[in-house]
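A.B. asks: 3D model of this:
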Amino acid sequence: MIWKLSERKDWNSLEQQFGWVRDMNQVPQHTVHHAEGSVAVHTRMVLEALLRQPAYLMLPEQEREILWAAALLHDVEKRSTSVDEGNGQVTSKNHAKRGETTVRTLLYRDIPAPFNIREHIASLVRHHGLPIWLMEREDPLKRACEASLRLDTSLLKQLTVADICGRISTDKEVLLEATEFFEMFCREQQCWGKAREFANGTARFHYFHTPRSYIDYVPHDDFKCEVTLLVGLPGMGKDYYIESRCADMPVVSLDAIRRKHKFSPTDKAANGWVAQTAKEQARIYLRKGQDFIWNATNVSRQRRTQLIDLFITYGARVKIVYIEKPYSVWRRQNSTREYEVPETVLDKMLGRLEVPQLTEAHDCLLYTSPSPRDSTSSR
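C.D. replies: Residues are numbered from 1 along each chain as shown. Model prediction:
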């Protein structure tokens, strides 16, 4: 079955269906780089440009739907980031990053999409400017390879070309030339239309976490233990995962520490102490070289990075396990928990969710409904 964001794709129908499409009409753009006008005008032109691309028309139907949805949503968060600097200069810093979060929420809660499709669209939105500025940034190889682990770089180029052609500006030719360099570079680095391959998870982790590292270097595996870092919103089933798969393994649980000491999760003064207590428990296992599980929500990449840095300092191998259920199942499971989390809190946490990526740890397993599935890809 082919997933589609909408069967009705004409602009009037899209405005009737989605408030975030209507919002685009009210968002101005830089008069030099986007002389066509508002985000709505630009997005319509991008969709039209996409439909004119021969490469797009040759794609399988599901890939066309993925790319079309990404084109419609690529600037969705200019509405929250645009700042009028005066004299026709409008900036929209971080609109792609915020757009990724919006897409993830939208396609999880409001218009449910299969996990891989949702994350592919979110990743395309996040990186839609990458082919333009890749060669101007530090370590373009690492950036290109990281993107290839999340999305199809050939689809990304098509999206960026449509983005460039769907505007009125004086620098189109320069920008289009940049996308050609992007394709050439990705082909040379073996990440064009496919994920860059690594010898194993250790080699991949070493490359992305070691400055100036050689991409094909394969370090020797000499781990003292393995830490399983659980990631998932409250009520997704992390405790069930432990009971059903790792019942005999030690667990460091922030919730367990809070309950033991009768701290509320909203007690900010206590949260720092709880986190430090959990880390001290972890250090005991790490010094012993004993495998264990770190059980917390860990929905932000920054929090995961801090923990992973701690674990690898002691010579541990780190495996991330991400657990997700469909939105309706998640809400129902939360309502039947002994320690139910208020729905307003869940909504805020969903808005902050950053799905783990392969670059973060030595291994990354995804357990998503309808059936548990191990995956070596986060898209």
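
A.B. asks: Which elements pack onto the helix ranked longest in the chain?
C.D. replies: The longest helix of the chain (DSSP state H) is helix 268-288. On a contact count with 3 or more Cβ pairs under 8 Å, 6 or more residues apart in numbering; DSSP states H and E, helix 268-288 meets strand 225-231, strand 251-253, helix 254-260, strand 292-295, helix 301-313. Every C-beta, even on glycine, is put in place using the N, C-alpha and C of the backbone.

A.B. asks: for that helix, which positions count as buried?
C.D. replies: Residues of helix 268-288 classed as buried: 270, 274, 275, 277, 278, 281, 282, 285, 286 (neighbour count, 16 or more other Cβ atoms under 10 Å).

A.B. asks: Hey, what's the angle from it to strand 225-231? Just curious.
C.D. replies: 150 degrees (axes from the mean of the first three to the mean of the last three Cα atoms, to 10 degrees).

A.B. asks: Just the C-alphas of helix 268-288, formatted as PDB.
C.D. replies: The C-alpha coordinates for helix 268-288 follow below in PDB (Å, rounded to 0.1, in the frame of the first residue of the first chain):
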ATOM      1  CA  LYS A 268      13.700  20.500  39.100                       C
ATOM      2  CA  ALA A 269      15.800  20.900  42.300                       C
ATOM      3  CA  ALA A 270      15.800  17.200  42.700                       C
ATOM      4  CA  ASN A 271      16.400  16.200  39.100                       C
ATOM      5  CA  GLY A 272      20.100  17.100  39.200                       C
ATOM      6  CA  TRP A 273      20.600  15.000  42.200                       C
ATOM      7  CA  VAL A 274      18.700  12.100  40.700                       C
ATOM      8  CA  ALA A 275      20.800  12.200  37.500                       C
ATOM      9  CA  GLN A 276      24.100  12.300  39.500                       C
ATOM     10  CA  THR A 277      23.000   9.400  41.600                       C
ATOM     11  CA  ALA A 278      22.100   7.400  38.500                       C
ATOM     12  CA  LYS A 279      25.600   8.200  37.000                       C
ATOM     13  CA  GLU A 280      27.300   7.000  40.200                       C
ATOM     14  CA  GLN A 281      25.400   3.700  39.900                       C
ATOM     15  CA  ALA A 282      26.500   3.500  36.300                       C
ATOM     16  CA  ARG A 283      30.100   4.100  37.200                       C
ATOM     17  CA  ILE A 284      30.000   1.100  39.600                       C
ATOM     18  CA  TYR A 285      29.000  -1.200  36.700                       C
ATOM     19  CA  LEU A 286      31.400   0.500  34.300                       C
ATOM     20  CA  ARG A 287      34.400   0.000  36.700                       C
ATOM     21  CA  LYS A 288      33.400  -3.700  37.100                       C
END
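
A.B. asks: what does it rub up against?
C.D. replies: For helix 268-288, the surrounding residues in contact (Cβ atoms under 8 Å, 6 or more residues apart in numbering) are 224-225, 227, 250, 252-254, 257-258, 261, 263-265, 291-292, 294, 296, 310-311, 314-316.

A.B. asks: again, but for stretch 83-101
C.D. replies: Around stretch 83-101, the neighbours that count as contacts under Cβ under 8 Å, 6+ apart are 28-32, 73-78, 80-82, 122-123, 125-129, 351-354.

A.B. asks: and if we set it to 7 Å?
C.D. replies: 28-32, 73-78, 80-82, 122, 125-126, 128-129, 351 (Cβ atoms under 7 Å, 6 or more residues apart in numbering).

A.B. asks: distance between the ends of stretch 329-348?
C.D. replies: Using Cα to Cα, to the nearest Å, the end-to-end distance of stretch 329-348 comes out at 18 Å.

A.B. asks: what's the answer for stretch 291-303, then?
C.D. replies: End to end - Cα to Cα - stretch 291-303 spans 20 Å.

A.B. asks: Name the residues that touch that stretch?
C.D. replies: 225-234, 238, 242, 246, 249-254, 282, 285, 304, 307, 349, 352-354, 360.

A.B. asks: State the mean pLDDT of that stretch.
C.D. replies: Mean per-residue pLDDT for stretch 291-303: 97.

A.B. asks: how far does it sit from the chain's center?
C.D. replies: Distance, stretch centre to chain centre, for stretch 291-303: 16 Å (Cα atoms, centre = their mean, to the nearest Å).
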